[in-house]
Structure formats: C-alpha cells, structure tokens
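Colleague: My questions are about this predicted structure, shown below with the sequence.
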Amino acid sequence: MTGQSAAGAYDDPAAEPEKWWVFRGPSDLPAPPPWRRFPATAAAAPRAPYLLERNEISVVNAALHLHRPLLVTGRPGAGKSSLARAVAEELGLGDVLRWSVNSRSTLQDALYRYDAVGRLREASLRREREAPRGSGRRPRARRAAASGDIGQYLRLGPLGSALAADRPRVLLVDELDKADIDLPNDLLVVLEEGEFEIPELARLPEHQQEVPVLLSGSRERVTVHRGVVRCAHFPIVIMTSNGERDFPPAFMRRCVRLDLPEPTGDRLRKIIEHNLGERAVAAAEDLIEVFHQLSRTQTLATDQLLAAVHLRISGADLTKEELLAAVLHRLDEPLSP
C-alpha cells in the first residue's frame, strides 16, 4: 500500500476543489443526460428523435408490412435496442416488452412463469388456518378451491404477454446471439404458430377452463381459455444481435434484417445535435475526430462519445486526454488484474 487516499495521489485537503465537482466539491448533484432520464423525470423534456437513414426506415417498414421479426445487427452501442422504443413511441403502442437473453435463457422464460413453490406454501398455510376450526369442508371441495386460485401464481413473460395482448405490442428480444443454439428457432416456431400451451392450466377440470393470469410488468390480466394462449394481434418483434454468432438459414429466412453501419462523422454530428443540441457539436469536433479514428481499430459505442461531449459542455474541467481515459476506453480490452 502506498498510503494514498481514495481520491488519488494529489488529494490535498487544503486545495481548492474544482467548480464542477460534486463528490468533495461545491457543486450540487447535476441533472442527468437526456438518455439517462427515466419516465418520472423524462416528461419535462421530450426524448430526442431516433436517427435513421431513409433506406433504414424502409427496412423497418418492410418488417411491419410483412409482420416478420426485425433482426437488427451492429456493434455494441449502435442504438439497436433504442429502435424498439422509438417504434413503440411513434406508433403509440405503449411500453416495450423486453426479453434480455443470456446463455441460460429458455423459451419458457419468455412465455410464462409459474410459482409452484409459492402456491404450495399458500396451500399449506391455508390448511393450518382451517385445522383449528375443524373445517367441515370435504377434501374434494378443498382441492377445487385450491385449484381455482392457480392464476394468482402464473405470470406471462414478455413473449407470452405480446401474444396475449388485446392490441399490438412491441417485443424487444435483446442480444439473441447470446442464446443457446436451439433457442432462436424455438422462438420463431412460437411466432409462426401464434400460440402456446400452459400445461398447468390445460390439466384443470372442465369447469375451470377460463383462468385470468397476469401480464408481464403490470397488474393487468388476460383470460386464458383451456390452457392455450392465442395471438389475436401479431406483435412487432425486434431482435438484436452483436454478431457474436451466426444464425441458421431457416431462422434468417423468417426475419427482415437491418444492419446498423459504423457511424460516419456527419452521422455522429447529427446524433450529438439531436441529443445535446447544436452548441454541443461545435464543442465536440476534436472528440468526434478522435472517436472516428479509434473506432476503426477498437470497439467503441456511440454513447461513450455522447458521455464525453456531455461532460465537456456541462462544465467538467477535463482535458481531451482525461476525457478519453474516463469514458472513451475500448470495450474489447480485458480489465487489468
């Protein structure tokens, strides 16, 4: 150990703090950048429009007309996931239903979740409450009452909710290239058929064939008939991939593909202007040039450039080199031990 404090080698209690400092400084907590505003704070400032070239807009519209999933490819930070939100906002389709895929994801995760443990626990507590009163209810009646509450322990996942909705919804399947090798084709089978079965409901007796279940991310319910969820309105499905793996031809045949290219200097200026204003572009010319040069040989994300520009125009007293070290570090470089 060198004995240095957490603030670094130059931490001097007698030194004057930087004007833009919040931690160990005089500044108040700053307002978040536009892309870090959440629904409670975003209402005061409208979200910047999503930038697409004319040919890219045509590809999105082709997927909408064909009712086919849109597979969006591009490097990390290219704005693939943001496209789903832009489509939902422009078409007035409500919040995006999001399924973030990883190597352990299964199709059932996206369709529905059944809390069997919670239901068993509640049934045990119910029996304990009834025992002291010497309940005279017959076993068959008790079983019927217990089976009638199964909808309380079922919640449709993002894909299940998109299929069950009474209106079109936008479903974002994020980073599908991280999935198990069979998952993409399994996903498209469900989308092609437009329905799926919930075995826990299909086994119920005839008089309990209509069960209300919760939708993903809300307290809203839909009624599932005979254990089968059927699609009435095909969802707008946007799937993203960072290119970590290839997809089989059968999968690609069922998709419309949109590849977001490396942003040019002019496109970077437009992105900065749309997010931070025209004044920010003039203050960011040197950062744009450095970003454009580095991105030819390194993996960088556009939001890293936005972060660097936001720091500069918000009064952060950092040199270009310090900004590069803080937020424009390469994403494909392993962390030092």
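Modeller: Cool, got the structure. Please read all numbers here as calculations on a predicted model, not as lab measurements.

Colleague: Which residue ranges of the stretch 51-200 of the chain form helices?
Modeller: Secondary structure of the stretch 51-200 of the chain (DSSP state H, counting those that start in this stretch): helices at 54-66, 80-91, 107-111, 116-130, 139-147, 158-164, 183-193, 199-202.

Colleague: mean confidence for the third one?
Modeller: What it means is helix 107-111. With pLDDT averaged residue by residue, helix 107-111 scores 95.

Colleague: chain center to that helix: distance?
Modeller: Centroid separation between helix 107-111 and its chain, computed with CA atoms, centre = their mean, to the nearest Å, is 16 Å.

Colleague: counting contacts, what elements does that helix pack onto?
Modeller: helix 158-164, helix 183-193 (3 or more CB pairs under 8 Å, 6 or more residues apart in numbering; DSSP states H and E). Where you see a C-beta, it was placed from the backbone N, CA and C, and this is true even at glycine.

Colleague: List just the one of these that sits closest to Pro30.
Modeller: Of all these, helix 158-164 sits nearest to Pro30, with 33.6 Å by CB to CB.

Colleague: send the alpha carbons of that closest one over as CSV?
Modeller: Coordinates of the C-alpha atoms in helix 158-164 are reproduced here as CSV (Å, rounded to 0.1, in the frame of the first residue of the first chain):
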residue,chain,number,x,y,z
PRO,A,158,-42.6,-10.8,-22.4
LEU,A,159,-43.3,-13.0,-25.3
GLY,A,160,-46.4,-14.5,-23.8
SER,A,161,-47.7,-11.1,-23.0
ALA,A,162,-47.1,-9.9,-26.5
LEU,A,163,-49.0,-12.8,-27.9
ALA,A,164,-51.9,-12.5,-25.4
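
Colleague: For Glu262, which residues are in contact?
Modeller: 75, 295 (CB atoms under 8 Å, 6 or more residues apart in numbering).

Colleague: That one - that's part of a strand, no?
Modeller: No: looking at Glu262 with DSSP: H, G, I helix; E, B strand; the rest coil, it is coil, so not inside a strand.

Colleague: In terms of pLDDT, where does it sit?
Modeller: 84.

Colleague: got a list of what the spatially closest residue to Asp115 that is not a sequence neighbour touches?
Modeller: Distances taken as CB to CB, 6 or more residues apart in numbering place Tyr153 nearest to Asp115, at 4.3 Å, with adjacent residues excluded. Contacts for Tyr153 (CB under 8 Å, 6+ apart) come out as 114-116, 118-119.

Colleague: Quick check: pLDDT value at Tyr153.
Modeller: pLDDT recorded at Tyr153 is 88.

Colleague: how near is the residue nearest to the spatial centre of the chain to Gly160?
Modeller: Centroid-nearest residue in the chain: Arg98, 4.7 Å away (criterion: CA atoms, centre = their mean). Relative to Gly160, Arg98 is positioned 13 Å away (CB to CB, to the nearest Å).

Colleague: I appreciate the help and will end here.
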